[in-house]
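Q: need a 3D model of the following:
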Amino acid sequence: MSKKVEFEPLPALPDLSAIPDFEELSNVPKVHNKSEAPKPESSNDRVGNFIAYFYDLFKNVKVKELGEAYINDWYRMTNQDFKDSPWLAIEKVSVIAENDTLFMLVYSELYYRHIFNKLQPNLESRIASWNACTKLFEKILSDEFLIKLLPNQWIWDFLDGYSSQFRSFCEYHATLGANKTEQIKKIYSHENLWNVARVLSNIHSLSKKAKSLYEEQQSEDEFSYLNIVYYCGFCLLRINCELGDYYHALSALQDLELSTIFKKNILSKNFPNFQQSFLYHLSFAYLMTRRYPEAIKVACVAILRKQKTNYSDLHIQALFATVALGCAFFPQKLEESIQTILSKEKFADKITRTQRGEESAAKELFQNACHHFITPFPPTGYFEQPFDYSNDALNSQMKTFLLEVQQQSVVPALKNTLKYFTSVSIDQLSHLFETDLNTLKSQIFTSKYKASKVDWNKGMAIKNIVTRNYQFESEYHIDRNFIYVRSSTSTKKYHEAYIEQILRIEETTQQLESAKNQ
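A: Next comes the predicted model:
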């Protein structure tokens, strides 16, 4: 007979009546119907709430909070919700902002700038963006309210976007050929659409206004008006470089102390690439104005300020190509790390070939060093038969540069030959170079002019800071049929020191012998 199995009794359950419900702990009311449950905030609601909050800060002139909302929330929401789509439509924002004209000017600029930065703008967007930027500039220049309210970072983004949109429009216009006649007609139906004179004038005017406000207040805080002056100066430098007007590119900085941008770290906190881009355009402007020592100096500073130099970076490659071109025309000793990379990337061979006047090497270096060039107006014959002229600006700059290379190619040969003479007839020199007299005279005058370089001492970029630096170790001039050469560097006269020491030894020897005989 099987044995009966007995189980122990289960323990008594605890009294749960004293424990509060979860809803009571979380202060959430009980939901008996699923349709009554709170729904998560949608993307449209979140954007609408942000626009309402943004407008409230703008309306109540809360400068600090407005800057924080722009720097933090605007960028964050752009990356989260509007990577591949435009921001909230202007008509919808107008309802939220109670049709506030001033706020809508600011938002319209933000709206179209986002389209240019993240999306592919069409012609209608380019026209609308130009109208929005023009009206905003007019308001900023006529009233000090906006320039005092908007944060410096927003003003920099606005100016940077404004100059970028101008370049984008010029590149777009250059690609419109014969099959785009409707777009061409639409462009010229709008007067002064992205006109280069208006673009430069607006930035110049903003710079003058900010400078006058800075001189009145002498503010040294983060939102100094002096920063705006530097932002405008850099945009003018970049636009004029893209237009190929290097003199006016440097003239845009004539009232600015270049060292200030580093001492006060303008834009370095929020825009780490600003200084690199500024120095690159400055070095290229120096290069194209034949101020080779300054081009090399500024480009080397830009390379060394980059903490982690990676040659695969296109920006770094452009700086190294600028240094190589400067050294081809004005050889000098470089910092060891820069010289190492130049040797590693086989720049030494390209420099030597460029000095000899080889176009292939010069073209390769120039294409690596140069930025995008733009043509603000269509060339002659465009309106009779539209065509693509997108490469005309680059070809024009390349042609001018190769002419400089050919002229510079005679400098090293004359330099190496004339250092052995104090005077030589032109007939003898023409025989050495195997060329006719007229060609040789032209080359001599060219080399004398090309060997004289403008050097930067201190202060402004172009104003009252230049001296003449002669590239040759000897100076020369032509008198009738002779070339007279004079050394421009002082050489130590070692023979005089040796003779003086020999005489002292002889005198000492004689004194010792006379003392011995006594």
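Q: measure how buried A369 is and give me the count.
A: Residues near A369, counting by other CB atoms under 10 Å, number 25. In short, each C-beta sits where N, CA and C put it, glycine included.
Q: give me the nearest residue to it, chain neighbours excluded.
A: A321 (3.7 Å; CB to CB, 6 or more residues apart in numbering).
Q: how many neighbours does that neighbour have?
A: Neighbours of A321 (other CB under 10 Å): 23.
Q: pretty sure it sits in a strand.
A: No - applying DSSP: H, G, I helix; E, B strand; the rest coil, one finds A321 to be helix, outside a strand.
Q: let's have the chain start at 33 instead
A: Noted, 33 is the first residue going forward, which turns the last one into A353.
Q: mind listing what it touches?
A: By CB atoms under 8 Å, 6 or more residues apart in numbering, the contact set of A353 is L397, F398, N400, A401.
Q: if we use 7 Å, what do you get?
A: Residues counted as contacts of A353 (CB atoms under 7 Å, 6 or more residues apart in numbering) are L397, N400, A401.
Q: now the helices for the stretch 433-550 of the chain?
A: 442-450, 458-465, 469-482, 526-549 (DSSP state H, counting those that start in this stretch).
Q: residues touching the third one, excluding its own?
A: When you say that, I think you mean helix 469-482. Residues external to helix 469-482 that are found in contact with it (CB under 7 Å, 6+ apart): Q439, Q440, V442, V443, L446, I458, L461, S462, F465, I510.
Q: tell me who's in contact with the last one.
A: Yep, that's I510 we're talking about. Listed by CB under 7 Å, 6+ apart, the contact partners of I510 are I476.
Q: can you pull the pLDDT of it?
A: For I510, the pLDDT comes out at 76.
Q: before we move on, what about the fourth one?
A: For V443, the pLDDT comes out at 76.
Q: what about it, neighbour count?
A: Residues near V443, counting by other CB under 10 Å, number 21.
Q: now swap in the first one and tell me
A: The burial metric for Q439, expressed as a neighbour count using other CB under 10 Å, is 16.
Q: so what's it closest to, chain neighbours aside?
A: Q439 sits nearest to T478 (CB to CB, 6+ apart), 5.3 Å away.
Q: check what pLDDT that neighbour gets.
A: pLDDT at T478 comes out at 76.
Q: if we can go back for a sec, now the contacts of helix 469-482 as JSON lines including distance to R108?
A: Listed next are the contacts of helix 469-482 as JSON lines, based on distance: CB to CB, whole Å:
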{"residue": "Q439", "distance to R108": "54"}
{"residue": "Q440", "distance to R108": "52"}
{"residue": "V442", "distance to R108": "59"}
{"residue": "V443", "distance to R108": "56"}
{"residue": "L446", "distance to R108": "62"}
{"residue": "I458", "distance to R108": "73"}
{"residue": "L461", "distance to R108": "71"}
{"residue": "S462", "distance to R108": "72"}
{"residue": "F465", "distance to R108": "68"}
{"residue": "I510", "distance to R108": "69"}
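Q: farthest pair within these?
A: Spatial extent of those (CB to CB) is set by the pair Q440 and I458 at 21.2 Å.
Q: between those two, who's got more neighbours?
A: Taking neighbours as other CB under 10 Å, Q440 and I458 compare with Q440 leading, 22 against 16.
Q: dump the residue contacts of L173.
A: Shown in contact with L173 (CB under 7 Å, 6+ apart): S237, L238, K241.
Q: measure how buried the first one is and give me the count.
A: Okay, so that is S237. A count of nearby residues for S237, using other CB under 10 Å, gives 15.
Q: likewise for the second one?
A: As a burial measure, L238 scores 23 neighbours (other CB under 10 Å).
Q: where does it land in three-state SS?
A: At L238 the chain is in helix, as set by three-state DSSP.
Q: and R78, by the same measure?
A: helix.
Q: give me the contacts around the host helix or strand of F398.
A: Taking DSSP states H and E as the criterion, F398 maps to helix 391-401. With CB under 7 Å, 6+ apart as the contact definition, helix 391-401 has outside contacts at 316, 349-350, 353-354, 356-357, 382, 385-386, 430, 433-434, 437.
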